[in-house]
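# predicted model follows, preceded by the sequence.
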Amino acid sequence: KCEPSSIQSFLLAGKISSAAILGPSFKLSSPYHFYLLGITDRLLRCLIISKAKVLMYNTKKNQGWSQWMKPRHPQQTLGRRPKLVVFDLDNTLWPFCLDIDAEPPFRMGKDGYVYDIRGRLSMPYPESRNVLAKLFNEGYLLGIASRTGVIHGAEQLLDLYDINKYFTYKQIYPGSKVNHFRWYHQITGIPYSEMLFFDDDITNISEVCREGVTCVQVDSNGVTHDVVREGLVKFARGEK
């Protein structure tokens, strides 16, 4: 369906008219000519609308992370990117604590879901896998900083969830996460100011933030597209 009211401004702005299509020699001398002029206008408007829809579709299809993660406010820009994005595991990528709420070994059921040794469902947060895949495909360097003592169980879940492939670096062991980030700094040479960290624990956030890392505390929904978007905006602004 064509919308004459919406396209009229487009025609005027682009200085496109049916008269230009029919040529300067065309003169309105009969009702038939007015009818022909109206038909030409309508066809031209439909053509422009169709072309605009195709362009909009192709643009959206080719958008990368920076556009897909477009901030809600114009002043929020994503020009500055973190060189390393680090995630906690428990209550961040998955909604449970390995030391308390789940017990390895884990297995993949016939239904495609992951269960612990007691048959309890152990799945990641709904958006975490897609977020990690998107960041990875956009060229972000990803790492893990976890204090869990169930190291083998964590590694097993990363494999079963098929997200291990997205992480270049992993630091999974008990203790202050300041040590995890010091290792990252020493191994990669990336300054703390170029790192972005997502965690649910305010203690971890406070300690790592003091090192100069931009930190984002996730809520009970874990890692989501919105949380990561806000984190990237916060980093671009230079906030900690």
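It's in. Note that this is a predicted model, so its numbers are computed, not measured.
# who touches stretch 115-134?
Residues outside stretch 115-134 that contact it (CB atoms under 8 Å, 6 or more residues apart in numbering): 65, 68, 87, 92-96, 101-107, 109, 113-114, 142, 157, 161-163, 166, 221-225, 228. C-betas here are computed from N, CA, C, even on glycine.
# next, count neighbours for Lys151.
That one is not Lys; residue 151 is Ile. For Ile151, the neighbour count with other CB atoms under 10 Å is 15.
# that one against Tyr173, yeah?
Yes - if you go by CB atoms under 8 Å, Ile151 and Tyr173 touch, sitting 6.4 Å apart.
# and the contacts of stretch 115-134, which are buried?
By neighbour count, with 16 or more other CB atoms under 10 Å, the contacts of stretch 115-134 hold 65, 87, 92-96, 102, 104, 106, 114, 142, 157, 161, 163, 166, 222-224, 228 as buried.
# in strands only, show me the residues you listed.
Phe87, Val114, Leu142 (DSSP state E).
# could I get these as a markdown table with distance to Asn204?
Output for these, formatted as a markdown table (distance: CB to CB, whole Å):
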| residue | distance to Asn204 |
| --- | --- |
| Phe87 | 11 |
| Val114 | 25 |
| Leu142 | 17 |
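# show me where this structure has helices.
4-14, 18-22, 31-61, 65-68, 128-137, 151-160, 177-188, 202-209, 225-237 (DSSP state H).
# from Glu127, how far off is Asp162?
With distances taken as CB to CB, to the nearest Å, Asp162 is found 15 Å from Glu127.
# and which of the ones in strands among the buried ones among the contacts of stretch 115-134 is nearest to Thr188?
Leu142 (11.9 Å; CB to CB).
# distance of the closest one relative to Thr92?
13 Å.
# using the record's assignment, carve the chain into domains.
4-61, 67-237 (automatic domain parsing).
# Met108 touches Leu160, doesn't it?
Yes - between Met108 and Leu160 a contact is recorded at 5.6 Å, counting by CB under 8 Å.
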